[in-house]
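1. pasting the structure only:
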């Protein structure tokens, strides 16, 4: 039997690439998506469709009540999403307090219940400047904790931790992945806005790879 692993899957480019990598590595995949009260559910719809096409187990867990405790981000509260490059200071408004520690903790608990010993997570170097819970030191410390938090050790696997979104897209294109099946924009409108930091970083990755982004944009 194939070894079981949990993949945290948002429906975006990075976790889509991680999910497909884990599939190609031969694991039995249990994809896990979270409704944490984010601005829109469009990314969850993309996640659901992608998992159906891949034939992997998928759960979407509603933890939106957590917003009573961790508001103040433009992704969860009534605050305008900043526009501009991903690394700009203004993008700190998109930080959701302690989000990845919370999501990883639940994913690890799920892994233990499944008798899986790995949780895949799509952090990358482009996140390091703005998001403390995507930095290597955070991942390493979480790995230390997850080795002792249960009777069974669980490893947090971050295959793209030290590379950029440009490199992740390069890896995905080599796997012939279709990124029309992903949603990145912080806004959940019919088309991607093309202006928020997430869109800007995505468009830069496609430009650097000399490939046209298959998503439709407002501008």
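-> All right, it came through fine. These numbers were taken from a predicted model, which means no experiment stands behind them.

2. could you use CA atoms for every contact and neighbour count after this?
-> Will do.

3. for the protein, which helix is longest?
-> The longest helix of the chain (DSSP state H) is helix 99-114.

4. list the buried residues of that one.
-> By neighbour count on 16 or more other C-alpha atoms under 10 Å, the buried set for helix 99-114 is 100, 103, 104, 105, 106, 107, 108, 109, 110, 111, 112.

5. out of these, who's nearest residue 27?
-> Closest to residue 27 out of the buried residues of helix 99-114 is residue 111 (13.2 Å), distances taken as C-alpha to C-alpha.

6. need phi/psi at the spatially closest residue to that closest one that is not a sequence neighbour.
-> The spatially closest residue to residue 111, leaving aside those adjacent along the chain, is residue 6, at 6.0 Å (C-alpha to C-alpha, 6 or more residues apart in numbering). Here the main-chain torsion angles of residue 6 (degrees, to the nearest 10) amount to phi -100, psi 140.

7. and for residue 217?
-> Dihedral angles of residue 217 (phi, psi; degrees, to the nearest 10) stand at phi -120, psi 150.

8. list the contacts of the closest residue to it other than its chain neighbours.
-> Of all residues not flanking residue 217 in the chain, residue 192 sits nearest, at 4.7 Å (C-alpha to C-alpha, 6+ apart). For residue 192, the contact set (C-alpha atoms under 8 Å, 6 or more residues apart in numbering) comprises 184, 185, 199, 215, 216, 217, 218.

9. I am finished for the moment; much appreciated.
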